[in-house]
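Novice: Show me the folded form of this:
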Amino acid sequence: MPTGTHTLLRRVALSRGRLWVDENLANVVPYLEKLSFRVNHIKPGTQHDEIKQMIMTDHFLTANSKDFKEDIAIFEYCLINVDALLMQPPDVIAKRVSDVWRELGLKHQESCEVRITQRTQQLIPAAETVLPAIQEQEIKGKLPAKKA
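Specialist: You can find the predicted model right below:
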């Protein structure tokens, strides 16, 4: 007879992967769980800096990617950006994430951004994600511009 620990380890081994899901996508969680993802919820009101610590070296599903792009390389997480799918029903978002997870082999990806739309997906390495985010901060005056 399997023990509680044995059952948990079996469930982890059979899961497709672990996803942290931002609070604004809580309605997608049940559909992801039906697709065999292990899902961790971000509680409402959690500060962005705290979220970045929680998702370190993991996968993070969000429709608020702009606040997390610049730290991808530092915390080595895979940012799954579904900004373009926000108006879709939650089951459609979950199915699209699942399809892209399989197609791109996301279980083994780190330090990247994956942009998902209804018909396309784009895997962007951290180096290509971080530089535009830093330049945007410089333009907005949040960081001092580099001197030539």
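
Novice: Show me where the chain dips below the pLDDT cut-off.
Specialist: Across the chain, the stretches falling below the confidence threshold (pLDDT under 70) are 1-15, 130-148.

Novice: The residue sitting nearest the centre point of it: what's it in contact with?
Specialist: Relative to the mean C-alpha position of the chain, the nearest C-alpha, by C-alpha atoms, centre = their mean, is the one of residue 60, at 2.2 Å. Contacts of residue 60 were listed using C-beta atoms under 8 Å, 6 or more residues apart in numbering, and they are 19, 20, 21, 22, 51, 68, 77, 78, 79, 80. C-betas here are computed from N, CA, C, even on glycine.

Novice: Would you check how far apart residue 70 and residue 79 are?
Specialist: Computed as C-beta to C-beta, to the nearest Å, the residue 70 to residue 79 distance reads 10 Å.

Novice: The two - which one has more neighbours?
Specialist: Neighbours were counted for residue 70 and for residue 79 using other C-beta atoms under 10 Å; residue 79 has more, 23 against 18.

Novice: Give me the contacts around the helix or strand hosting residue 98.
Specialist: For residue 98, the enclosing helix or strand under DSSP states H and E is helix 90-104. Where contact means C-beta under 8 Å, 6+ apart, the residues beyond helix 90-104 that reach it are 16-17, 19, 25, 27-28, 30-32, 34-35, 37, 61, 80, 82, 85, 88, 106-107, 114, 116, 118, 121, 123.
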